[in-house]
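>>> Requesting a structural model of the entry that follows:
(chains A, B, C and D, ligands or ions: 6)
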Amino acid sequence: MEVDIGGMKITNPVMPASGAFGEGMDRVIDFNLLGALIPKSITKYPQRGNRTPRACETKGGMINSIGIQSKGIDYYLKETIPYYEQYSIPLISSISAESIDEFVEMSSIIASVTSVAALELNISCPNLKNNGQAFGMSDDITYQLVNRVRKVTDKPILVKLTPNVTDIQSIALAAERAGADSLVVANTPLAMAIDIHTRRPKIGNIMGGLSGPAIKPIIVRQIYQVHEVSQLPIIGCGGIMTADDAIEMMLAGASAVQVGTANFVSPTAMIDIIAGIQTYMEEHQLHRIDELIGGVIVMNQREEDYI
Amino acid sequence: MEVDIGGMKITNPVMPASGAFGEGMDRVIDFNLLGALIPKSITKYPQRGNRTPRACETKGGMINSIGIQSKGIDYYLKETIPYYEQYSIPLISSISAESIDEFVEMSSIIASVTSVAALELNISCPNLKNNGQAFGMSDDITYQLVNRVRKVTDKPILVKLTPNVTDIQSIALAAERAGADSLVVANTPLAMAIDIHTRRPKIGNIMGGLSGPAIKPIIVRQIYQVHEVSQLPIIGCGGIMTADDAIEMMLAGASAVQVGTANFVSPTAMIDIIAGIQTYMEEHQLHRIDELIGGVIVMNQREEDYI
Amino acid sequence: MRDYHVTVLSNKQVSNRYWHLIVDSSDLKEAIEPGQFFNIKSTDYQTYYPLLRRPFSIYRIKEDTLEFLYKAEGAGTKQLATYKPGQKISLLGPAGVSYSIPKNCKKILLLARGVGIATLAALAQKADQMNIEIYAILSARNKDDLLATKTIEKYCTKVYCVTEEDKTSDVEHVRRMIHDLIKTHHIDAAYTCGSRRLSMLLQKITKANGITSQVALEEYMACGMGVCYSCVCDIKRQGVMQTVKSCEDGPVFPLEEVIFE
Amino acid sequence: MRDYHVTVLSNKQVSNRYWHLIVDSSDLKEAIEPGQFFNIKSTDYQTYYPLLRRPFSIYRIKEDTLEFLYKAEGAGTKQLATYKPGQKISLLGPAGVSYSIPKNCKKILLLARGVGIATLAALAQKADQMNIEIYAILSARNKDDLLATKTIEKYCTKVYCVTEEDKTSDVEHVRRMIHDLIKTHHIDAAYTCGSRRLSMLLQKITKANGITSQVALEEYMACGMGVCYSCVCDIKRQGVMQTVKSCEDGPVFPLEEVIFE
Ligand SMILES: Cc1cc2nc3c(=O)[nH]c(=O)nc-3n(C[C@H](O)[C@H](O)[C@H](O)COP(=O)(O)OP(=O)(O)OC[C@H]3O[C@@H](n4cnc5c(N)ncnc54)[C@H](O)[C@@H]3O)c2cc1C
Ligand SMILES: Cc1cc2nc3c(=O)[nH]c(=O)nc-3n(C[C@H](O)[C@H](O)[C@H](O)COP(=O)(O)OP(=O)(O)OC[C@H]3O[C@@H](n4cnc5c(N)ncnc54)[C@H](O)[C@@H]3O)c2cc1C
Ligand SMILES: Cc1cc2nc3c(=O)[nH]c(=O)nc-3n(C[C@H](O)[C@H](O)[C@H](O)COP(=O)(O)O)c2cc1C
Ligand SMILES: Cc1cc2nc3c(=O)[nH]c(=O)nc-3n(C[C@H](O)[C@H](O)[C@H](O)COP(=O)(O)O)c2cc1C
Ligand code: FES
Ligand code: FES
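Ligands and ions are numbered 1, 2, ... in the order given. Below is the predicted model:
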């Protein structure tokens, strides 16, 4: 089940999605069974995060607007990274910043820590210096950002794209040209829910990111689109609840997957997904995971025989 | 419950979504109870539509890629419009075309029929002359298209936006500047599903539009965003199953709503939604539907008292 | 056609994979004919899972009851299997074009596979009332799946069963059976349901022998009421290729019109 | 803390709005303390509706059983109410910080409202085992909602009930009751759950009288295991404002630390 993500070898293709995983889960599952570890996105300075309520349910999904509640980079270096060093699998640091300079600065500091295997750039959060638009909504800014980070580290750079764009292919290509090693497709569609009795948004921050099974068909489409144009390994993320969902994303073109909301529903979800992929491969007599990646058959689409 | 949609008065804010409604439903509900009637989008020439399978289910939603199976504009003028003339409520013609010229030509012909109350321009379908991009993915093209149609008719023009854009506000404003009378927010997010056993896309056309409850939070957000910047009446569309969903969209800024997939689940859904809105208004002692539109309270967002 | 909220009278597993549903139809005042179907909402509450209704053809039509036979397989049919007597269930229908029996018809042939047997059982019931001699070939994976055999036997002059289990269900064997039948008996009309392979076979034989024949198709249906165009299939009518809606223009079609690619 | 799949032994409606769930906990080897909670998956199958688990504090802890008391109100709790004895249910926990009883504590005061009564019932059970005198004020909309009164009465020296129905539940009246109580008895510690208004009241009184007090908060929880930061609340600890996770750093907090805006 080994996969290569831009030079980083992982023993299986299942890892947590940033922000939907954390130290507390070590009581419930054995972290060493996962493909990689990704703690919540870190910011340079400590941040309080957004006002509550920070999460609500929707049909088949949930909206969250946690904001990045973060203890800052110093705490991260002193406490978070050392905590994860006890595990034998790769640690990927998810970075969130307010400007390109800040991304570069933080990347340079964190990448210099030996035990950090790769960086994930969360370019899907709103850029306060650019009228609230996310960095990842523009080809140009994506290119500049990734290109500048590329210059300060040789470690694999994963770029987490936002799904809230007209043309995800061109953003993917901008990241690829700028030197990204892998693309995470994708962060959460921007969403909103209103309590019709109080008339208030169900999320303190008014809008938030939609995650969970509801968004999977949108993400599968984006993985397929990115895979069509980019050579980079893709990490699928959004709505995976079961092994079948993970396999679907891999068939669409993902080399690995991230699991978020499913951890809340069932904390053993990632372990079950790893086992489920293995069973599927055995049943379909696949020997290498590569046989799965991008394996969707789109030629001669025709109606299935209905005998 | 009367609402004014760009000069067109409708007796209640509930109407069907194009393509998820049709003549066959007259056996199940009384069309005269609806706010307006919108048959499936019509094309200039007869079209076969896309290969099957054309629909599949997802968690909380469904994907469709019918393509516009259409009998062409001649049949529409001779058969479809006369059929709907038996009803006393406004008929809105949804138009789909392959070029701006074709939109203009068709709009001019259809708008000249007295019994057509308004036009809905479906600018969310892929434009074959523009590398598969939808017209509604570009401000410029949206502006040109609507502007040209504006010149050939005085009847209300409803522009149905695509949700698959980075910045729906700028598209909305382009349509508004070009002379649109109302904005339908929105068509379907582009999506894909793969059968992991056959490895084939579940939709013959590979990708299709996601509809149903899963997408509602994305659409509510887009209605809210469009309402923030545009003066035009908004028609909310996407994921409405119940009166509560319709009210939520109205609170976000919609003046009326369109109901699609819910008709398949329960053909009386639109009638039930009209009744449900009425009940809600009575319970909340609202006398005019205007008190609902855009009524979300976003000031002083705070945690609810939990006594 | 209406959205009827009827009461479940019985819903039982009748074989390894098949279930039998009986509902109270005393409120249905419309005529219901063999080959027509109802679009059944398998979920009662607001989970929207599965989202859409599921179409099932009518298995038996009685004075005050309607019966369906279904294979509990995917999300919808498994959900359907959870209904208990006394619960209300939502049935949209009757929908679609029914089988038709030509005037002065004396002998017919039924060729069914799997749940297609249920669909043809309703036709057998009607044909029997018209005093028509019925010859049926029923095909299934194994004997356990040869459901409704007893029901259909009551109406038929002769029933032949073939299964994979017995290695009797291959197309060649069925072809010989049909040939033997039409040689011995003067078959006026033939009907099929449940298998593309067998439909193609019957299409060829009936065409060669000038026998009227009909098939009930099972296309994927999203709305079941003629508005969504998801259930289309290609037919050739009077020499012209047409894409028609199988929920409204079908599900029963003259066999010679259907294009099986 | 683990995801336990336990068997439902009983799940009954005990009043107009409240239900009582008993599960077999013989497989749970961890210590479970009053004030802690389990995050319960209310749906067993793949509908993902509702998507998330629901947190419920422990109502009674026995050798081989665990009990919960809950208000069947929204999608999740209504779903929970459909569980039948014999079914498996998934419980993630025990989670969170429990109530603590100071050393040499002789008399305590419980102030609970609504389902908060369930949470304090567990504490009453424990305090009783420690031979502590318990005075309880229970508040609810009406008598029917004064659930668990019998359970809690067993453990308490004295129980006072107030309701809207009887017009006895207003804050002014409760304030006088508490004042009377602490005047008559030397209360060592006070505990509350279920009402922001009453918590604020108790905060003022215990502060003024130098009584140790704790509150169990009920913040909205998405994960219940300290990873999502949806359940945060502000507290002031040693003069410093902090945003803490109520699922991990709580749900029980020293009452004086909680900021009720
Ligand atoms: C007119 C008509 C009459 C039918 N009569 C019967 C009957 O009497 N008894 C019976 O057991 N079955 C009948 N079927 C088939 C039945 O509708 C499907 O088996 C059922 O919808 C599958 O639902 P599911 O939730 O179990 O499966 P899913 O998990 O949704 O899917 C399982 C498989 O069934 C296919 N399927 C799903 N929905 C449909 C659909 N609407 N139409 C056709 N295939 C579908 C899927 O493509 C998939 O391969 C009929 C179908 C039609 C169109
Ligand atoms: C630590 C803790 C212990 C609790 N103990 C009990 C108990 O013993 N008995 C009991 O009846 N209730 C208890 N609750 C509250 C209980 O979790 C909610 O009533 C329940 O989650 C509502 O679910 P629902 O599906 O019925 O409601 P929904 O329809 O989902 O929502 C109904 C209302 O409940 C609120 N709510 C939803 N989820 C939560 C949540 N996770 N936390 C708080 N509020 C929520 C919503 O904001 C909404 O206003 C406890 C909550 C917490 C945090
Ligand atoms: C509570 C919560 C917090 C999140 N925080 C972050 C974050 O800090 N950084 C980030 O890149 N993504 C964050 N995400 C997004 C997830 O990493 C993931 O992209 C998203 O949840 C979709 O995947 P899922 O459907 O499997 O949950 C968060 C998601 C949730 C639900
Ligand atoms: C089967 C089907 C066919 C559709 N055809 C059209 C169409 O021809 N023109 C159009 O503008 N929208 C079409 N739509 C989109 C709907 O009008 C609507 O925007 C979408 O379904 C979202 O609303 P819903 O969630 O209420 O279904 C179609 C949707 C479905 C499900
Ligand atoms: S199923 Fe919708 S048109 Fe036939
Ligand atoms: S509920 Fe997720 S951190 Fe507390």
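
>>> Show the contacting residues for residue 46.
In the absence of a named chain, this looks at chain A. Taking CB atoms under 8 Å, 6 or more residues apart in numbering or on different chains, we find A:P46 in contact with A:S70, A:K71, A:G72, A:Y75. Bear in mind the C-beta positions are built from the backbone N, C-alpha and C, glycine included.

>>> um, chain C though
Here C:Q46 is in contact with B:M241, B:T242, D:Y49, D:A75 (criterion: CB under 8 Å, 6+ apart).

>>> quick revisit: the contacts of A:P46, buried ones only, as a PyMOL selection?
Those of these that count as buried under 16 or more other CB atoms under 10 Å in any protein chain shown are selected in PyMOL with:
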select buried, chain A and resi 70
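
>>> Closest one of the contacts of A:P46 to chain C?
Taking CB to the nearest CB as the measure, A:S70 is the one of those closest to chain C, at 36.1 Å.

>>> got the phi/psi numbers for that closest one?
Main-chain dihedrals, A:S70, degrees, to the nearest 10: phi -140, psi 150.

>>> Could you measure from it over to ligand 3?
As for A:S70, its distance to ligand 3 is 8 Å (criterion: CB to the nearest ligand atom, to the nearest Å).

>>> Same check on A:N164?
As judged by CB to the nearest ligand atom, A:N164 and ligand 3 stand 12 Å apart.

>>> State the pLDDT value of that residue.
pLDDT, A:N164: 95.

>>> Could you double-check that it lies in contact with B:T166?
Yes: look at A:N164 against B:T166 with CB atoms under 8 Å: they come within range, at 6.4 Å.

>>> Give me the common contacts of the two.
Common neighbours of A:N164 and B:T166 (criterion: CB under 8 Å, 6+ apart): A:M137.

>>> can you give me the helices in chain A?
A:72-75, A:81-84, A:100-111, A:139-150, A:168-177, A:216-229, A:243-252, A:261-265, A:269-283 (DSSP state H).

>>> Which of the ones you listed sits closest to C:E30?
Closest of the helices of chain A to C:E30 is helix A:216-229, at 37.4 Å (criterion: CB to CB).

>>> What number of residues are in the vicinity of the residue of the stretch 101-250 of chain C found nearest ligand 6?
Minimum separation of the stretch 101-250 of chain C from ligand 6 (CB to the nearest ligand atom) falls at C:A222, amounting to 37.9 Å. Neighbourhood size, C:A222 [other CB atoms under 10 Å in any protein chain shown]: 26.

>>> Okay, it and ligand 3: tell me how far apart.
The spacing between C:A222 and ligand 3, counted by CB to the nearest ligand atom, is 26 Å.

>>> re earlier: a markdown table for the contacts of A:P46, including distance to D:G114 and pLDDT?
As requested, those are exported to a markdown table (distance: CB to CB, whole Å; pLDDT from 0 to 100):
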| residue | distance to D:G114 | pLDDT |
| --- | --- | --- |
| A:S70 | 35 | 78 |
| A:K71 | 35 | 86 |
| A:G72 | 39 | 92 |
| A:Y75 | 38 | 94 |
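
>>> Quickly name whichever of the contacts of A:P46 is closest to ligand 5.
Closest to ligand 5 out of the contacts of A:P46 is A:S70 (50.1 Å), distances taken as CB to the nearest ligand atom.

>>> List the contacts of the residue nearest to the closest one when sequence neighbours are not counted.
In space, and not counting its chain neighbours, A:S70 is closest to A:T43: 4.4 Å by CB to CB, 6 or more residues apart in numbering or on different chains. Contact partners of A:T43, counting by CB under 8 Å, 6+ apart, are A:I68, A:S70, A:G72, A:I73, A:S96, A:A97, A:E98.

>>> out of those residues, who's near ligand 1?
When CB under 6 Å from any ligand atom is taken as the criterion, no member of the contacts of A:T43 contacts ligand 1.

>>> Among the residues you listed, name the buried ones.
Neighbour-count burial (16+ other CB under 10 Å) is assigned, among these, to A:I68, A:S70, A:I73, A:S96, A:A97, A:E98.

>>> hmm, which two among those residues are most spread apart?
The distance between the two most remote of the buried ones among the contacts of A:T43 (CB to CB) is 12.8 Å, for A:I73 and A:E98.

>>> Setting aside sequence neighbours, what's the nearest residue to the residue of the stretch 51-200 of chain A found nearest ligand 1?
At 16.2 Å from ligand 1, A:G60 is the closest residue in the stretch 51-200 of chain A, using CB to the nearest ligand atom. Counting by CB to CB, 6+ apart, A:G60 lies nearest to B:G60, which is 2.9 Å off, once chain neighbours are set aside.
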